[in-house]
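quick check, what structure comes out for this input:
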Amino acid sequence: MKPVPRTLITVLAVLLFPLAAAAGFRAELEQLLGGDRPDGVVFEIATGDAGALEWALPRTDEAIRKLRAKWPDLEIVIVSHGKEQFALTRDSVGKKEVKKQVLDLVSKDKVSVHVCGAFASMNNVSEDAFPDHINVSAHGPEQIKDYQSLGYRLIRLSKDD
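Presented below is the predicted three-dimensional model:
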């Protein structure tokens, strides 16, 4: 039997990874829905794509609807700590729908939304640049760890979900 060429393995891994990531989000959500009620759920969005909230928020919203159908009072948070978080600043241009979706999640669905203050600072964006309904955490990944220590389940979103 001939060994499989390393380049073929690399190509297959690159082609199949997006499928695994997509199945990961859906599988994680379905596993969560099929199990016991968690203390809460934290959705993580962290990309290098400034427009990522345009595809991430509808997926998150759909997942929140499913979670709330089963557990109406479940605590749910979203932590954004990549370039996408800047679509939520007061001055971001052309992001009205994204801002409305986030405001609806906060006001109607009682979802807490956090952005990363450290990443904002590194990009010369002050905490004051975000509206009051957005929580500016000192450090996004640490905020996620804090929620996990409280028993929240983490669900990561990627574009391929």
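
hey, let's count contacts and neighbours off CA atoms from now on
Fine.

what segments of this protein are strands?
Using DSSP state E, the strands of the chain run over 40-45, 76-80, 112-116, 135-137, 152-156.

could you export those as JSON lines, including mean pLDDT and mean neighbour count?
Shown next, in JSON lines, are the strands of the chain (pLDDT from 0 to 100; neighbours: other Cα atoms under 10 Å):
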{"stretch": "strand 40-45", "mean pLDDT": "97", "mean neighbour count": "22"}
{"stretch": "strand 76-80", "mean pLDDT": "98", "mean neighbour count": "24"}
{"stretch": "strand 112-116", "mean pLDDT": "98", "mean neighbour count": "23"}
{"stretch": "strand 135-137", "mean pLDDT": "97", "mean neighbour count": "20"}
{"stretch": "strand 152-156", "mean pLDDT": "95", "mean neighbour count": "20"}
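
could the ones you listed be laid out in CSV, adding distance to A27?
Below are those laid out as CSV (distance: least, Cα to Cα, whole Å):
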stretch, distance to A27
strand 40-45, 14
strand 76-80, 18
strand 112-116, 23
strand 135-137, 29
strand 152-156, 10
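
hmm, who's touching stretch 29-48?
Identification of contacts with stretch 29-48 by Cα atoms under 8 Å, 6 or more residues apart in numbering yields 56, 60, 63, 66-67, 70-71, 74-84, 144, 147-148, 150-158.

mind listing what T89 touches?
T89 sits next to A129, F130, P131 when contact means Cα under 8 Å, 6+ apart.

which among the residues you listed count as buried?
Buried residues within the contacts of T89, counting neighbours by 16 or more other Cα atoms under 10 Å: F130.

hang on, isn't A56 packed against L157?
Yes: judged on Cα atoms under 8 Å, A56 makes contact with L157 at a distance of 6.9 Å.

how much space between the closest residue to V113 other than its chain neighbours and N124?
Distances taken as Cα to Cα, 6 or more residues apart in numbering put I78 closest to V113, at 4.8 Å, once the chain neighbours are dropped. Distance from I78 to N124, counting by Cα to Cα, to the nearest Å: 22 Å.

V79 too?
19 Å.

and what of R90?
Taken as Cα to Cα, the span from R90 to N124 is 14 Å.
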